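*Asks:* Make a model of this:
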Amino acid sequence: MKLPQQLKEDVNNELSFIIKRMGEEPDIGKKMYYYSAVKGAFERAGRLYYDREIQVVTPIVDITYALINDRINHIKIGDATVPFSDSMLTQLIEGLVELKQAINEDKTVYPAIEKLMEVAYLSSGPGFYTRSFIDYIQSQRKSPEE
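*Replies:* Model (predicted):
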C-alpha cells in the first residue's frame, strides 16, 4: 500500500498505539476494543486518499472484529465449544505488526490481512472444526518412527 507520507505516518502512529495497547491489556474485551480502532484508522485514511487496498482492509478488519468478538462473547456466557486461545491473540497482533510494516515499506498488505482473517476463521465453528480435522489427519499420517 502506497500512501502519501503524512497519511502513512498518521496510520502507522495509530497502528503503533493499537498494537501497544493490545499487547499490554490483560482483558480480552479491551484488547478487542483497541482492535476495533483499526477500522477507524483506515476509514479516515480512505476519506483522504483513495487506494484499493484501503478499500479492502477496512471491511476485512470490520469482519474479523465482528467474528472474533462474537466468539469472545459466547465464551463469556459459558459457550466454550470453540476456544479462543492466547496464540490466536498473538497471531492477531502479529498481523497488525505485519500490516504496519507493509505500509511502512510500501508493500501489499494482503499477507497481513490474510493473517487477520485466518484468526477470525479459526474462531468460528467451521474454522475450529477444520483446524481440528487437519490436525487429526496430519497425526494419522505420521510414521510410527516419529
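*Asks:* drop to CA atoms for contacts and neighbour counts, all remaining ones
*Replies:* Fine.
*Asks:* which outside residues touch the worst-scoring helix or strand of the chain on mean pLDDT?
*Replies:* In the chain, no helix or strand scores lower on mean pLDDT, DSSP states H and E than helix 125-141, which sits at a mean of 90. Residues from elsewhere that reach helix 125-141 (C-alpha atoms under 8 Å, 6 or more residues apart in numbering): 82, 121-122.
*Asks:* same deal with stretch 46-64?
*Replies:* Contacts of stretch 46-64 (C-alpha under 8 Å, 6+ apart): 1-3, 36, 38-39, 42-43, 45, 108-110, 113, 116-117, 119-120.
*Asks:* circling back: save the contacts of helix 125-141 as TSV, and put in pLDDT too.
*Replies:* As requested, those are exported to TSV (pLDDT from 0 to 100):
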residue	pLDDT
Val82	91
Tyr121	96
Leu122	94
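*Asks:* Most neighbours among these, please name it.
*Replies:* Leu122 (21 neighbours; other C-alpha atoms under 10 Å).
*Asks:* give me the number of residues near the closest residue to that one other than its chain neighbours?
*Replies:* Leaving aside its chain neighbours, Leu122 sits nearest to Phe128 (5.0 Å; criterion: C-alpha to C-alpha, 6 or more residues apart in numbering). Close neighbours of Phe128, defined as other C-alpha under 10 Å, add up to 17.
*Asks:* residues touching the residue nearest the centre of the chain, list them.
*Replies:* Most central in the chain under C-alpha atoms, centre = their mean is Leu116, positioned 2.9 Å from the mean C-alpha point. By C-alpha under 8 Å, 6+ apart, Leu116 lies in contact with 61, 64, 91-92, 95-96.
*Asks:* in the protein, what spans have low per-residue confidence?
*Replies:* Residues of the chain meeting the criterion pLDDT under 70: 143-146.
*Asks:* the inter-axis angle of the host helix or strand of Leu116 versus helix 125-141?
*Replies:* Assigned by DSSP states H and E, Leu116 belongs to helix 110-122. For helix 110-122 against helix 125-141, the angle by axes from the mean of the first three to the mean of the last three C-alpha atoms, to 10 degrees is 90 degrees.
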